[in-house]
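>>> With the sequence up front, the predicted model follows.
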Protein chains: 2
Amino acid sequence: MPGDEYPRPLVTVDVVIFTLHEEALQVLLVRRKNPPYAGMWAIPGGFIEIDEPLETTALRELEEETGVCDVHLEQLYTFGDPGRDRRGRVITVAYLALLPADRAAIRPGDDAAEARWWPMNALPPLAFDHDRILACARERLRSKLEYPATLAALLPEPFTLNQLRATYETILGEKLERIRFRRLMIAARVLREVGIEHRTVRGRPAKLYRFREDAEAKARRILL
Amino acid sequence: MPGDEYPRPLVTVDVVIFTLHEEALQVLLVRRKNPPYAGMWAIPGGFIEIDEPLETTALRELEEETGVCDVHLEQLYTFGDPGRDRRGRVITVAYLALLPADRAAIRPGDDAAEARWWPMNALPPLAFDHDRILACARERLRSKLEYPATLAALLPEPFTLNQLRATYETILGEKLERIRFRRLMIAARVLREVGIEHRTVRGRPAKLYRFREDAEAKARRILL
DNA sequence: ACAAAAGTGTTGAGAGTACACCCATGC
DNA sequence: GCATGGGTGTACTCTCAACACTTTTGT
């Protein structure tokens, strides 16, 4: 066959999956069982099968290692520097996924010894160049804030405007002005009012919203 | 070695390189010498060497096949569907590059029988899934219009505002209002005045501009 | 009644558009 | 001079930030 004279690297697919929990951005990591880096934490992922689309590999490995399934994937970046894996030339196609807090319960699978959420601002030492991959994922997540509807995958619906604002604040790592945020979101026409909150603490109950199904609109000026 | 039990696909790196010529967006393609798809047109690219970073492969193949060198590359997307290449499982990491018109002279290399620029609106039939890759590249290029400074790589500097507008119009495929465009570009503060055009035809000579070196600023509202 | 949280009205500054207009050149 | 393309002045519109304000709840 024609390709036989060319070197064949190994190819893995890794998945950075984020959720929000306790006012912090969290990422799902697995503890590696096998060398290299046995015992260290890493992004879930694994080698491709020969007849398997890349996204299928991503979903399969994610479920095998963490029990998480049924998420939307977005291709992030491909990391292929020689030397990034001691096992030889390994090229990794990284994907990004988001999980709403109410689905963030995880069950470690058999491929990995252990799986748990880690806050992005207090990560353990990571295997391979996974710190670089996480930095890349964080950037991508930030850029998604311009399109509020993409955060649907990160919020339990319905939500209040203040929950949405807290989400933005967590991802941006800075405070946003309450009234300004409200007005910009309303002006972006991406939300649909679906009722009113049931208050358990003092204060006026907030309106509840969902994202409009057709909402691709961009919220200008949210980032600042 | 640990990875030996896993399937090893072939990996190629392909480069979509655009230029502007005669009011049209052009892409550099090579005619394939070898099967599969021998004689058909394809994006320049080739198989990785085992110790070579992906970008190095991209630059090497580009130069070998077309003579183009010294360009800035941006990773575009990784295409890995099984069945996209008859030779077996081939995963392709696609890159995007831009070339100013005054450097668009090309010299076909020995890897490919022939290389030439094709206008994006009159492409020949393409090998593999390269039509998909081109569609992806075109989208990415469009999205770059929000950051005018990235077009520096596509324009001979210095340039007039009308040349810049023509660039936008070509990429967008629609006319932009002259005065509106001028004012938005000036307001974006990404340009530096560097002199005045030498007129050969009738009309007032235009001012010449370069992009400011520090200009990452975003020009809002250009796209419409 | 009061504190707390949610939501609204209003004003003023600034950005963007559309129009008419002025400027510099070749013929 | 005048046609042609480049550049500016101006007035009107629209958006958005900042402020004070009202509404709705739990205690």
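Received it, and whenever you're ready, just let me know what you need.

>>> quick one: low-confidence ranges for chain A?
For chain A, the stretches with pLDDT under 70 are A:1-4, A:107-113, A:215-224.

>>> which parts of the top strand by length along it are buried?
Taking DSSP state E as the criterion, chain A has its longest strand at strand A:10-21. Buried residues in strand A:10-21, counted by 16 or more other Cβ atoms under 10 Å in any protein chain shown: A:10, A:11, A:12, A:13, A:14, A:15, A:16, A:17, A:18, A:19, A:20. The way it works is simple: take the backbone N, C-alpha and C, and place the C-beta from them, glycine included.

>>> Over to stretch A:198-210?
A:208, A:209, A:210.

>>> Which element, helix or strand, includes residue A:179?
Assigned by DSSP states H and E, residue A:179 falls within helix A:178-188.

>>> what's the spacing between that helix and its chain's center?
25 Å (Cα atoms, centre = their mean, to the nearest Å).

>>> packing partners for that helix?
Identification of packing neighbours for helix A:178-188 by 3 or more Cβ pairs under 8 Å, 6 or more residues apart in numbering or on different chains; DSSP states H and E yields helix A:161-172.

>>> Put the alpha carbons of the helix it packs on into PDB.
Provided in PDB are the C-alpha atoms of helix A:161-172 (Å, rounded to 0.1, in the frame of the first residue of the first chain):
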ATOM      1  CA  LEU A 161     -30.000  36.700  35.100                       C
ATOM      2  CA  ASN A 162     -27.900  36.800  38.200                       C
ATOM      3  CA  GLN A 163     -26.900  33.100  37.700                       C
ATOM      4  CA  LEU A 164     -26.000  33.900  34.200                       C
ATOM      5  CA  ARG A 165     -24.000  36.900  35.300                       C
ATOM      6  CA  ALA A 166     -22.200  34.700  37.900                       C
ATOM      7  CA  THR A 167     -21.300  32.300  35.100                       C
ATOM      8  CA  TYR A 168     -19.800  35.100  33.100                       C
ATOM      9  CA  GLU A 169     -17.900  36.400  36.200                       C
ATOM     10  CA  THR A 170     -16.500  33.000  36.900                       C
ATOM     11  CA  ILE A 171     -15.200  32.500  33.400                       C
ATOM     12  CA  LEU A 172     -13.900  36.000  33.000                       C
END
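
>>> of the buried residues of stretch A:198-210, closest to DNA strand D?
Distances from DNA strand D to those, taken as Cβ to the nearest atom of the strand, are shortest for residue A:208 (12.7 Å).

>>> Not counting sequence-adjacent ones, nearest residue to the closest one?
Leaving aside its sequence neighbours, residue A:208 sits nearest to residue A:158 (Cβ to Cβ, 6 or more residues apart in numbering or on different chains; 4.0 Å).

>>> mind listing what the one helix or strand residue A:192 maps to pairs with, with the direction of each?
Per DSSP H and E: residue A:192 is located in strand A:191-196. Counting by DSSP bridges, the strands paired with strand A:191-196 are strand A:207-211 (antiparallel).

>>> Report the angle between the strand it pairs with and helix A:161-172.
Going by axes from the mean of the first three to the mean of the last three Cα atoms, to 10 degrees, strand A:207-211 is angled at 50 degrees with respect to helix A:161-172.
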